[in-house]
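**Student:** Got a predicted model here, sequence first, then my questions.
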2 protein chains.
Amino acid sequence: MKTRLFTPGPTPVPEETLLELAKPVGYHRSAEAKAILAEVTEDLKYVFQTVHPVVTLTSSGTGGMDAAVSSTLAAGEKAILLTAGRWGERWKSALKAFGVNTVVVEVPYGQAVSPEQLQIALKEHPDAKAVFATLSETSTGVGHDIEAFGKLVAATPALLIVDGISGLGAMECRCDAWGVDIMVSGSQKALMLPPGLAYVSVSPKAKAVIDATIPRGFYFDLRRSLAKVAESDTPFTPANTLIKAQRVSLKRIRAEGIEQLWARHAKVATACRAAVTAMGLKLYAARPNNGLTVIVVPTGIDGSATLKMLEKKHGFKFADGQDNLKGVIWRLSHMGYVDAFDVLGAIAALELVLAEQGFGKVGAGVAAFQQSYAGK
Amino acid sequence: MKTRLFTPGPTPVPEETLLELAKPVGYHRSAEAKAILAEVTEDLKYVFQTVHPVVTLTSSGTGGMDAAVSSTLAAGEKAILLTAGRWGERWKSALKAFGVNTVVVEVPYGQAVSPEQLQIALKEHPDAKAVFATLSETSTGVGHDIEAFGKLVAATPALLIVDGISGLGAMECRCDAWGVDIMVSGSQKALMLPPGLAYVSVSPKAKAVIDATIPRGFYFDLRRSLAKVAESDTPFTPANTLIKAQRVSLKRIRAEGIEQLWARHAKVATACRAAVTAMGLKLYAARPNNGLTVIVVPTGIDGSATLKMLEKKHGFKFADGQDNLKGVIWRLSHMGYVDAFDVLGAIAALELVLAEQGFGKVGAGVAAFQQSYAGK
């Protein structure tokens, strides 16, 4: 049986990128290694839509979040956190670990934080040094209006620090134009690589704060990374085979073009949502993003058991809800190296296992997907 | 031209491990992923010679050093640092970043810190909470007597925290029997994987200190990793393809046996030293370790130019000295997936480029290598 990965990270990796990973390892301080990092950095800037530095950290995306917090805030300093799910809570844990005085602006799971909520918080807390937000709240499928957040934060001395680990590359995001000061992303989502690298962009406004802050960490001290990225180098041994392979996946993005990439994700996401609705299912996210579709498990269906059936019978691996949402939602990722025909297959498989359990009838979802995709 | 890597990290990776890296990516929270991490953890315990937990961090080895410092020491607390080169200085930088009151016991490059020096320091500083040491000081080729250090530290309340990033697996080291409380290692040296993973073992004595210390970091908070490793899981998305590939390289070590692995490295290192001496060259390290051979560049020879010739003419990549030692020493690694015949080739290539520059005559080195290896 063929197996297909639809989890919102890791995501499928292009074959030519995987083959790059099988090549012999080189020395990470050679001129060739520097040239590769320089190329990757340039291509990352394109994906981030920034002209400012993007540093590569050897870590999970959470390492990038650690770096963003620990390099900009002293204990006791104030930050506003916009949270709409588990990844907002990841920011909360990181902020707590570093003793940041965190003002939490929270909405129920499935909802998005509104720009109005941020506006009120900024007014009430003019001393906030940073605002933390999440581009794609992958635990619920919500996408945030980072552009609107950026306009509000840009008018204040605060930094806008965004977790774009799973959103960047799957939905429109223009770091410079939108006023994102620090954007954190990861290799294993829309950037089409296995996990192991985090990427952090730093605006001049953020750079000034970093330079004026006593860093809280060592490995994640962004000053060290920024000093080295200027010479196309890293302060510590990087995962150089992953960097070399990232170059291959980034070339794929470059060849397609960032606007085309966003448009393709939007088209597939729209078709997927049409399919879900046509199947008599509900979307969980009030403001869905284009990286994944989160579906509410219908009454009478065992959500987790259905995912096991999907995997066992048809080889499709969706993600379950996390923590309290386990069995309550299904998460179907369509970011990165996943195209419309892949997602059509996933819809077909879901229809099959639901019909087997007496829910709905086969065909409605795939037909709606096709019609939406054809622009009808 | 064939190219061959003899840098002391990254080191060559076995073909079957590289091919594992080219396989499709799986979901990191699946039962299969947990089973793989459980297996890797067991095999790491074998390599570390410990029955206590070994956690896997997605980071460079330096990330493991950050975790060791930030999880055990508060700012202002005292630690003794034994340093004999650049990697001891890496500890120093990490300790400084976390505001640790560091008592530095230093020897000149090329020398090893003696157990007597540690004994004096422990007597003078009974309030030291930890002693930091380096197993293989890869910048100079020195190996430290960790067994003797362990005996001294075990008699005190201090922890013995060792950087074994490049030494572990290349030279005898028994964490439990020798009293190493925290051992930090990395994937890209004797463990035969590309860079990207750090491994940290934690003794019960260290665990008690970690539990009683307010952690300084988030991503590198060892309490989080320890809580998860007990369930064969990780707190944050791990570099799961590297972990899966590490399993393959660890099986190779298991199949050979750890004592045989140490003995093989010792035999190759002994032959390499015999070759160097026979060539009329000098060893840089007063107490050489078995992971690499560090050679003094002879008078009249341009060290860096020679390495360039080696690479350009014969495809052999040695490492230059770092910082002040650039052009002063050559570093030839023989750890991990490198056997006697590989090193013999490296000696042959070095003889060729030296003879071309009028130094020595071809044949002495390889003959001495062969004789030593044959046990004559």
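**Tutor:** Looks like it arrived, so ask away.
**Student:** Look up how far A:Met65 lies from A:Gly143.
**Tutor:** Noted for A:Gly143: a distance of 18 Å to A:Met65, by Cβ to Cβ, to the nearest Å. For the C-beta atoms, the positions are set from N, CA and C on the backbone; glycine is no exception.
**Student:** Pull out the buried residues from stretch A:27-39.
**Tutor:** Within stretch A:27-39, the residues scored as buried using 16 or more other Cβ atoms under 10 Å in any protein chain shown are A:27-28, A:33, A:36-37, A:39.
**Student:** Likewise for stretch A:175-194?
**Tutor:** A:175, A:178-194.
**Student:** Filter the residues you listed down to the ones in helices?
**Tutor:** Among these, the members falling in helices (DSSP state H) are A:175, A:178.
**Student:** mind listing the helices for the stretch 201-350 of chain A?
**Tutor:** Ranges of helices in the stretch 201-350 of chain A, per DSSP state H, counting those that start in this stretch, are A:204-211, A:222-229, A:240-256, A:258-278, A:303-314, A:340-356.
**Student:** Looking at these, which is nearest to chain B?
**Tutor:** For chain B, the closest of the helices of the stretch 201-350 of chain A is helix A:240-256, at 4.0 Å, according to Cβ to the nearest Cβ.
**Student:** give me the subset of the buried residues of stretch A:175-194 touching chain B.
**Tutor:** Subset of the buried residues of stretch A:175-194 in contact with chain B: A:186, A:188, A:194, counting by Cβ under 8 Å from any Cβ of the partner chain.
**Student:** just the residues you listed now: which is nearest A:Gln371?
**Tutor:** A:Gln188 (32.3 Å; Cβ to Cβ).
**Student:** contacting residues for the nearest residue to that closest one once chain neighbours are set aside?
**Tutor:** Closest residue to A:Gln188 apart from its sequence neighbours, by Cβ to Cβ, 6 or more residues apart in numbering or on different chains: A:Pro195 at 4.0 Å. Applying Cβ atoms under 8 Å, 6 or more residues apart in numbering or on different chains, we find A:Pro195 in contact with A:9-10, A:60, A:186-188, B:28, B:58, B:237-241.
**Student:** Including distance to chain B, pLDDT and secondary structure, could the buried residues of stretch A:27-39 go into CSV?
**Tutor:** Rendered in CSV, the data for those read as follows (distance: Cβ to the nearest Cβ, whole Å; pLDDT from 0 to 100; DSSP: H, G, I helix; E, B strand; the rest coil):
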residue, distance to chain B, pLDDT, secondary structure
A:Tyr27, 5, 95, coil
A:His28, 6, 95, coil
A:Ala33, 10, 97, helix
A:Ile36, 14, 98, helix
A:Leu37, 13, 98, helix
A:Glu39, 19, 98, helix
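**Student:** between these, which is closest to A:Val162?
**Tutor:** Within these, the smallest distance to A:Val162 is 23.4 Å, found for A:Leu37 (Cβ to Cβ).
**Student:** Quickly list the domain ranges of chain A.
**Tutor:** For chain A, automatic domain parsing gives the domain ranges A:4-9+A:258-373, A:15-256.
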